[in-house]
Each structure stands twice: as C-alpha cells, then as structure tokens.
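Q: A predicted structure for the sequence below; I have some questions about it.
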Amino acid sequence: MKSLVWAFCLSCCAMGAFAEKAFVSNERGNTITVIDTESWQVINEFSGGNRPRGILLSPDGALLYVCASDDDTVRVFDTETYEELYTLPSGPDPELFVIHPSGNPLYIANEDDNIVTVTDTESHAILEEVPVGVEPEGMAISPDMAWVVNTSETTNMAHFISTGDFQIKHNVLVDQRPRYATFTSDGERLFVSAEIGGTVSVIEMAENGTPEVVAKIGFDVPGVLPEWLQPVGIKVTEDGSRIFVALGPANRVAVIDGESLDVLDYIITGQRVWQMAFTGDGKYLLTTNGNSNDVTVIDVAKEKAIKSIQVGEQPWGVAIQQN
C-alpha cells in the first residue's frame, strides 16, 4: 500500500512539474491572469502593476517579465508563487520587448521616448539606449541572434539593430503604423504587421545582406469594413507552414499559407483580438481579446476556435510557460 501511495505522489508531482500555464496581462485591470492549459481553467490572478502590456517568460520559465507601462518599469515575478521579485529599469512607457535566448539581456521598446532600452537581467543595469523612430512598439530577435528588430508606429519603419554593437544597420519602410514583428524559425523571413495600413510586410535578406520587402499580404473579409482589418499580433508555426495574424476590431485571426502567402481562412475570435501565443506543443494558439475580456483557444491543426476563457479587464498580452 505504501508503495502505491508513493507512486501516486510521484505521479502528481510529475504532472505538476509539466503542467503548462498561460499568463495574460490585463491592460485596464492592472492584473495578470493565470490559465492552466490542460483544463483551460483560470487558476489565479495577481497584480501586474499599472497598465501591464508586454509579457514574456525567461527561457527556463522561472521568471515572468511584465512591461508595466504606466510605472515606466519592467516587473519581474516568480512563475510558481506569483510573488514580485524585483523590477528592471526601462525607458518611459515600455510596451513590448524580447529576451535574448540565453536569458540576458532584454530589449525593450519605450513608446514615449523613441528609445529601445537594452537591460541586463542579471546586473539590472541599462547597457544601452538605442534611438529609433517615433513610437517604437514591435520587437523581434532573429534566430541567429544577430539582429533585434524594432518597429516604429509613426515613422512606419522596421529598424534592424545589431546585437553586437547596438547600432541600427538598416531601416526598412513598411506600411502605416507597424505594430508587431516576428521571424520564421529558420530566420529567412521577417513579418511586420501594419495596423492602419492593413497589411503584413514580408521581409527577406537580399544577396548583399540588405533586408528588403518582398511581398505584402492584404486581407478581405466579406461583411467587414476594410478599416476594421487591422493586423496586430503575428505567430508562425515552427515548420513555417502557417502564419496566424490577429486582425484587431475585425474579431478574426487570418490563416495564411507559409509558402504561397495566400490567405486561406479567417477564424472568428472575441472582440478586438490583439496578441497571441502557442502552447509548448504547438497544438493550440491563444489570443487576447481586449473588448470582450476573454481569451480564445484555437486548435491549430483544425484551424478552429474551440473555447473562450474569461480573464481580466482588457487583456493585452499572453505568454505561455513552455515545458
């Protein structure tokens, strides 16, 4: 009997160790909602500072980083206890950020001062402040870690910053109000969404090493006004076969063929779909829906929404603990 009890305890511990959690930043509610991705149940909610938006996890999943935009700082939490451990310096109004795959440093877009701040996650010191265009927001890091890309909403550019010397080497003009950027896993393509332009720019490196826009993806949904088709968040499957684009007030996620770049379908979500994240196994895609205060769960293989989860007020960002 004792051996059975011990085996049961080990089994429970193992399940707990591999349980995956999604963290959702609620911009107006000033909270972080925690969702268990096996049961799809909300299991906790805690304070995230004032106006939490950008949210990501350390590579080992132990730390949660939150851009507390109205606090002008990055708040750092323990992902098990949800305790705030410390803060990291950023510029005013941090919005989105990326982390080096090693866990250090953070590259932070500060909307109010046109700066990308490079912050050391170990010493808590600012390593560099990189002047970029007006209203920086989107941030991406290339798989080879050579480039950090920032998008500036008002300048309408993607800025390629060298991770070696923190200098801008290339500026690429895209459509109006670029909001998000992401690379394919092989680093061959960069996708940049333009909220007001209504497009996603596809950028590749030319033979001379200069990034160039090689295509633009547009959207057309019957019964939806063109001005409502506002691309924001983008996620690409690991194999690059599918690109998912959140279309804001159109309340839909576009499904795009990764090879042809054709729009294949539109998945209906909650209201004002904004940011997205894959579960660790890539089977599900979670979207934050700011006006309906919920998260939509999309079955990636079926390309279909399967569940809605109520969270806090005006969910903005989502990060999922990978196991």
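A: Done, it's in. These numbers come from a predicted model, not from an experiment.
Q: make it CA atoms for all contacts and neighbour counts henceforth
A: Fine.
Q: which helix or strand in this structure has the lowest average pLDDT?
A: helix 2-18 (a mean of 40; mean pLDDT, DSSP states H and E).
Q: list the pairing partners of the helix or strand that that helix is followed by within its sheet, with orientation.
A: Counting by DSSP states H and E, the next helix or strand C-terminal to helix 2-18 is strand 21-26. According to DSSP bridges, strand 21-26 forms sheet pairs with strand 31-36 (antiparallel), strand 315-320 (antiparallel).
Q: dump the residue contacts of Ile306.
A: Residues near Ile306 by CA atoms under 8 Å, 6 or more residues apart in numbering: Thr296, Val297, Ile298, Asp299.
Q: Ile268 versus that one, what's the distance?
A: Between Ile306 and Ile268 the distance is 10 Å, computed by CA to CA, to the nearest Å.
Q: also Ala301?
A: Taking CA to CA, one finds Ala301 at 16 Å from Ile268.
Q: between those two, who's got more neighbours?
A: Ile268 (16 against 10; other CA atoms under 10 Å).
Q: show the contacting residues for that one.
A: Ile268 touches Asn251, Arg252, Val253, Ala305, counting by CA under 8 Å, 6+ apart.
Q: can I get the residues you listed in JSON lines with pLDDT and distance to Pro105?
A: Shown next, in JSON lines, are those (pLDDT from 0 to 100; distance: CA to CA, whole Å):
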{"residue": "Asn251", "pLDDT": "98", "distance to Pro105": "35"}
{"residue": "Arg252", "pLDDT": "98", "distance to Pro105": "34"}
{"residue": "Val253", "pLDDT": "98", "distance to Pro105": "31"}
{"residue": "Ala305", "pLDDT": "98", "distance to Pro105": "35"}
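Q: let me have the residues you listed in TSV, extended by secondary structure, distance to Pro101 and neighbour count.
A: Below are the contacts of Ile268 laid out as TSV (DSSP: H, G, I helix; E, B strand; the rest coil; distance: CA to CA, whole Å; neighbours: other CA atoms under 10 Å):
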residue	secondary structure	distance to Pro101	neighbour count
Asn251	coil	32	24
Arg252	strand	31	26
Val253	strand	28	30
Ala305	strand	30	20
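Q: and which of those residues is nearest to Phe244?
A: Ranked by distance to Phe244 (CA to CA), these are led by Val253 at 6.3 Å.
Q: now for the helix or strand where Ser193 lies, which elements pack on it?
A: Using DSSP H and E, Ser193 sits in strand 190-194. When contacts are defined as 3 or more CA pairs under 8 Å, 6 or more residues apart in numbering; DSSP states H and E, strand 190-194 packs onto strand 178-183, strand 199-205.
Q: try 10 Å
A: strand 136-141, strand 147-152, strand 157-162, strand 178-183, strand 199-205, strand 211-217, strand 234-236, strand 242-246 (3 or more CA pairs under 10 Å, 6 or more residues apart in numbering; DSSP states H and E).
Q: remind me which residues of the chain are low pLDDT?
A: For the chain, residues meeting the criterion pLDDT under 70 lie at 1-18, 323.
Q: what's the closest non-adjacent residue to Ile161?
A: Ile168 (4.3 Å; CA to CA, 6 or more residues apart in numbering).
Q: can you pull the contacts of the one you found?
A: Val130, Pro131, Val132, Trp147, Val148, Val149, Asn150, His159, Phe160, Ile161, Ser162 (CA atoms under 10 Å, 6 or more residues apart in numbering).
Q: from the residues you listed, which two are the most distant?
A: Pro131 and Trp147 (15.5 Å).
Q: neighbour count winner among these two?
A: Per other CA under 10 Å, whichever of Pro131 and Trp147 has more neighbours is Trp147, with 20 against 15.
Q: beta-bridge partners for the more buried one, please?
A: Where Trp147 sits in a bridge, its partners, by DSSP bridges, are Ser162.
Q: swap in Ile267?
A: Those that pair with Ile267 in a beta bridge, by DSSP bridges, are Val253.
Q: show me what counts as buried in the helix or strand containing Asp265.
A: In this structure, Asp265 sits in strand 263-268 according to DSSP H and E. Of the residues in strand 263-268, Val263, Asp265, Tyr266, Ile267, Ile268 count as buried by neighbour count, 16 or more other CA atoms under 10 Å.
Q: equivalent analysis for stretch 223-232, please.
A: Going by 16+ other CA under 10 Å, stretch 223-232 has these buried residues: Trp228, Leu229, Gln230, Pro231, Val232.
Q: thinking again about what came up before, CSV please, covering the contacts of Ile268 and showing distance to Ala194.
A: Converted to CSV, the contacts of Ile268 look like this (distance: CA to CA, whole Å):
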residue, distance to Ala194
Asn251, 16
Arg252, 16
Val253, 15
Ala305, 24
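Q: quick check, nearest of these to Ser201?
A: Val253 (16.6 Å).
Q: surely the closest one touches Gln271?
A: No: with contact defined as CA atoms under 10 Å, Val253 does not count as touching Gln271 (11.1 Å).
Q: re the thing from before, the buried residues of strand 263-268: which two are farthest apart?
A: Val263 and Ile268 (14.5 Å).
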